[in-house]
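[1] Provide a 3D model corresponding to the input given below.
(chains A and B)
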Amino acid sequence: MNFNLTTTPEEEAFRREVGDFLKAELNDELRRQHAMDKGLGPEARAFNRKIGQKGWLGLGWPKEYGGSGGSLMYEIILLQEFARHEAHVPNEIARYMAGPTILHHGSEEMKKEFLPRIAAGEIEFGLGYTEPPAGSDLMAMQMRAVEEGDYFIINGQKTFNTESHYADYHWLAAKTNPKGPRHESISLFVVDQRAPGIDIRPLETLGGERTNEVYYDNVKVPKSRLVGEKNKGFFYMVNALNYERLALFQMERLFPTLNRLVQYAKETRRNGVLLADDPLVRNKLAQLVIEAEVGKCLEYKALSLLLDGRIDYESGIVKLIGSELRQRLGYKAMEILGQFGLLEDGSPWAPLRGEIARLCRASVVDTIGGGTSEIIRNITAMRGLRLPRK
Amino acid sequence: MDIKFSEEQEMIRHSARGFLSKNCPSSFVRSMVQDEKGFAEELWKGMAELGWMGLIIPEEYEGSGLGFLDLIVLLEEMGRVLLPGPFFSTVVLGGFTLVEAGNEEQKKRFLPPMVRGDLIMTLALNEAESYYDPGSITVSAKESGENYVIQGTKLFVPDAHVADWIICAARTGPGGDSGEGISLFLVDGRASGLNRKLLKTIAGDKQFEVVFDQVVVPKTNLLGPLNQGWPPLKKVLQKAAVAKCAEMVGGGQQVLDLTAAYAKEREQFGQLIGSFQAIQHHCVNMLIDLDGCRWVTYKAAWMFDQGLPFETEASIAKAWSTEAYRRVVALGHQVFGGIGYMEEHDLPLYFRQARVAEAAFGDGDYHRKIIADHVFAQGVF
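    The predicted model follows:
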């Protein structure tokens, strides 16, 4: 049994290297650009390239494809350390979905074309799965890809595609076998996001980040851009999900906010009492710490299973706990801040640079995107407890 | 990072599970509630023969000298079957306190018989107005020649009626910010002036009012330094809290196992109730709550064995497990429906024990105070 993240001196040295890099390179503007997904500014793109140059964006990939040939443990250390410093390892779609799928199932040509550039931080991918009729029920998607000579002609509409306005490539799922069985009806494609026929329309969200509707009108995609085998898309998508969820919800992300709340309570009075002396405030903060630590224990359990190649439903649980906790953190923080919690960044008197107001708004989607809490509970019931389907 | 138990720990678990499933069915648990002593001598001897009492006692006192995490594995199995009897009182409250605070002579005198199963011990700490809090202890110990004389009433003393020795936390001096003024005394269970009255708890476990009426204790039975009994006792209570969590993990797992099994066999409306999403979500919420208890408890025990400061982690484990176990049992009741509400069903046994475990060694509010103190002093780790 070992609850230390790092086990060897080499791992610890890497962790410190990442920490030192972030302490030197991160500034408030970069953090702000990472927090607000409106379209990362030039500073963030330059920062991404720097991370790529360190070889950190393709850590686990073979050296022949531009990766560092490192182990999964180093990927985990990188993510944990970034989370601790409130940084964001960029390009999740490329690193957890497009990249691994291309690596394991793509043609040699595709691997050589994309993996080195992802690892170098030169290109980004946007996710193209969700559609108006296809949220939790992804297989109900209707975008069609029809073979015509050396191309697929793709028509349809995606929605809630959050990276499309700045990503270079669209990691697209479309139906190539609509009459066949559901789990054999979809294929994956790598599409130039700026190809003719693609229309990207912005959607504003409660959380303040931009997402998009993406319309495909007779878009021609070369057959060489089909990922792996036709009609195997569902299988590839499912395989990528475990990695994606672990990366999205690290409990470490919550601790800086908690620390700021503690500090705020030490400096703020209300109705004659220092918040830090108010038993109710102390109780609330203690409970948040408890839940964050319990979440962290379960995260470490899942990471340990991941390292062992034995992970199953546990990653869903971590996402579930993390997302629900992040929402509770927002609400409890609002309670602690009182009226001041309403104030957005830029307002006079806004505490913590409006962080809590934004956290409340932005965390609403946490229990929805990447697998709703309900779907995750359904899946856990079947895979974790073997409860019957019908 | 590694969540696997060692081979030895897996062996402890495996052999404990086998022994207890044979020797501690729920009918036994029920009969011990009625039984005046609350435990069976033969079973007690069997446990001693398996080396359970000596698991964490250092080898120089005839124990196995294993770690806290090893004991946690054992306690989890005990909690799973709601093992009645004075094991926890003897080994966790008595054993740990002796190891922490005893001098060489006291350790040599009490630990080997404890290991052999020949000695039962407990701790008298709480009072009418004192809940795991040294500052509010009023039971007093006054110097008198070569002795101390203890006066006052202790409450919620587990297994006081069968304890050969009772460790009593009494006031010998004025209080202070760090629990000064409290001393620990080894009191002979046969001492005159000791009066025990059984408290009738929701679980029917053996907790007692113990009145110390001019109980004379030789000075050689002072355990630890005079007026400085709280620091070692505090450490023991932290471990006791985590140990209690281990029992809750075991109990919670049994509740989940029973519940999931029932959901896979009970039919209503022409289908298994386990196929209904509401039931599925209840079961998953139980699984998540229980998994949280499990891993935060293991981590706290692991930290202790590593020599890392674990006070906050222990409080986190107890606060979480207390409330999570409550939810697990409550959801179990929802899934079982009416039959789970009947006394002949096992679930009420777990319900009752959960209430006792909740109050033992600090509930959620008690531990949140400790965590808040730490967080405001040192920030969130």
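
[2] and B:R368, what does it touch?
    Counting by C-beta atoms under 8 Å, 6 or more residues apart in numbering or on different chains, B:R368 touches A:R282, A:N283, A:A286, A:Q287, A:I290, B:S315, B:A319. Quick note: C-beta positions are derived from backbone N, CA and C, even for glycine.

[3] The residue of the stretch 51-200 of chain B found nearest chain A: which element?
    Going by C-beta to the nearest C-beta, chain A is nearest to B:L69 of the stretch 51-200 of chain B, at 6.4 Å. Per DSSP states H and E: B:L69 is located in helix B:68-80.

[4] Give the residue spans of chain B that score low on pLDDT.
    By pLDDT under 70, the low-scoring segments of chain B are B:381.

[5] max-length helix in it?
    helix B:230-263 (DSSP state H).

[6] Quick one: name whatever helix or strand follows that helix.
    Using DSSP H and E, the helix or strand that follows helix B:230-263 in sequence is strand B:267-268.

[7] All the helices of chain A, residue numbers only.
    Assigned by DSSP H, the helices in chain A fall at A:9-25, A:28-35, A:42-53, A:72-84, A:92, A:99-105, A:108-119, A:233-248, A:254-267, A:279-307, A:314-337, A:355-362, A:373-385.

[8] Least reliable of the ones you listed by average pLDDT, please.
    When the helices of chain A are ranked by mean pLDDT, helix A:233-248 comes last with a mean of 74.

[9] now for the helix holding B:L69, which elements pack on it?
    Here helix B:68-80 is seen to pack against helix B:7-23, helix B:230-263, helix B:277-305 when contacts are counted using 3 or more C-beta pairs under 8 Å, 6 or more residues apart in numbering or on different chains; DSSP states H and E.

[10] Need the contact partners of the shortest one.
    Counting contacts by C-beta under 8 Å, 6+ apart, the residues outside helix B:7-23 that touch it are B:5, B:43, B:46, B:50, B:52, B:55, B:66, B:69-70, B:73-74, B:76-78, B:80-81, B:83.

[11] ok, back up a step: quick one: which of the contacts of B:R368 is nearest A:A87?
    A:I290 (26.0 Å; C-beta to C-beta).

[12] mind listing what that closest one touches?
    Contacts of A:I290 by C-beta under 8 Å, 6+ apart are B:I316, B:A319, B:W320, B:R368, B:I371.

[13] With distance to A:F82 added, can I get those residues in CSV?
    Shown next, in CSV, are the contacts of A:I290 (distance: C-beta to C-beta, whole Å):
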residue, distance to A:F82
B:I316, 25
B:A319, 30
B:W320, 27
B:R368, 30
B:I371, 27
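
[14] Out of these, list just those in helices.
    Judged by DSSP H, helices contain the following of the contacts of A:I290: B:I316, B:A319, B:W320, B:R368, B:I371.

[15] I'd assumed A:E29 was in contact with A:E43.
    Yes - using C-beta atoms under 8 Å, A:E43 is in contact with A:E29, at 5.9 Å.

[16] list the buried ones in stretch B:238-255?
    For stretch B:238-255, a neighbour-count test (16 or more other C-beta atoms under 10 Å in any protein chain shown) marks B:238-255 as buried.

[17] Count the residues that sit near residue 85.
    All of this refers to chain A. When neighbours are counted by other C-beta atoms under 10 Å in any protein chain shown, A:H85 registers 18.

[18] if you could check chain B rather than the one you did, that'd help
    Neighbours of B:G85 using other C-beta under 10 Å come to 23.

[19] quick revisit: which stretch among the helices of chain A comes nearest A:M143?
    Closest approach to A:M143 among the helices of chain A (C-beta to C-beta): helix A:233-248, 11.4 Å.

[20] check contacts around the spatially most central residue of chain B.
    Nearest to the geometric centre of chain B sits B:K244, at 4.1 Å (C-alpha atoms, centre = their mean). For B:K244, the contacting residues are B:F88, B:K318, B:S321, B:A357, B:A360, B:F361, by C-beta under 8 Å, 6+ apart.

[21] how close does the third one get to chain A?
    Right, the one you point to is B:S321. The gap separating B:S321 from chain A is 9 Å, by C-beta to the nearest C-beta, to the nearest Å.

[22] Residues of the stretch 1-150 of chain A that sit close to chain B?
    A:M1, A:N2, A:F3, A:N4, A:L5, A:T7, A:M73 (C-beta under 8 Å from any C-beta of the partner chain).

[23] any idea of the angle the longest helix of chain B forms with helix B:7-23?
    Going by axes from the mean of the first three to the mean of the last three C-alpha atoms, to 10 degrees, helix B:230-263 is angled at 60 degrees with respect to helix B:7-23.

[24] Report the inter-axis angle for helix B:230-263 versus helix B:68-80.
    Calculated by the same axes, to 10 degrees, helix B:230-263 forms an angle of 50 degrees with helix B:68-80.

[25] any idea of the angle helix B:230-263 forms with helix B:277-305?
    150 degrees.

[26] Pull the CA coordinates from stretch B:216-230 and hand them back as CSV.
    Extracted in CSV, the C-alpha atoms of stretch B:216-230 (Å, rounded to 0.1, in the frame of the first residue of the first chain):
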residue,chain,number,x,y,z
VAL,B,216,-7.9,3.6,45.7
VAL,B,217,-5.2,3.1,43.1
PRO,B,218,-1.5,2.6,43.9
LYS,B,219,0.8,5.3,42.5
THR,B,220,2.6,2.6,40.5
ASN,B,221,-0.5,2.3,38.4
LEU,B,222,-0.2,5.8,37.1
LEU,B,223,0.1,5.4,33.3
GLY,B,224,2.3,7.9,31.7
PRO,B,225,3.4,11.2,33.3
LEU,B,226,1.3,13.0,35.9
ASN,B,227,-1.0,15.7,34.5
GLN,B,228,0.2,14.7,31.0
GLY,B,229,-2.1,11.9,30.2
TRP,B,230,-3.9,13.6,27.4
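
[27] Please consider this matter closed, and thank you.
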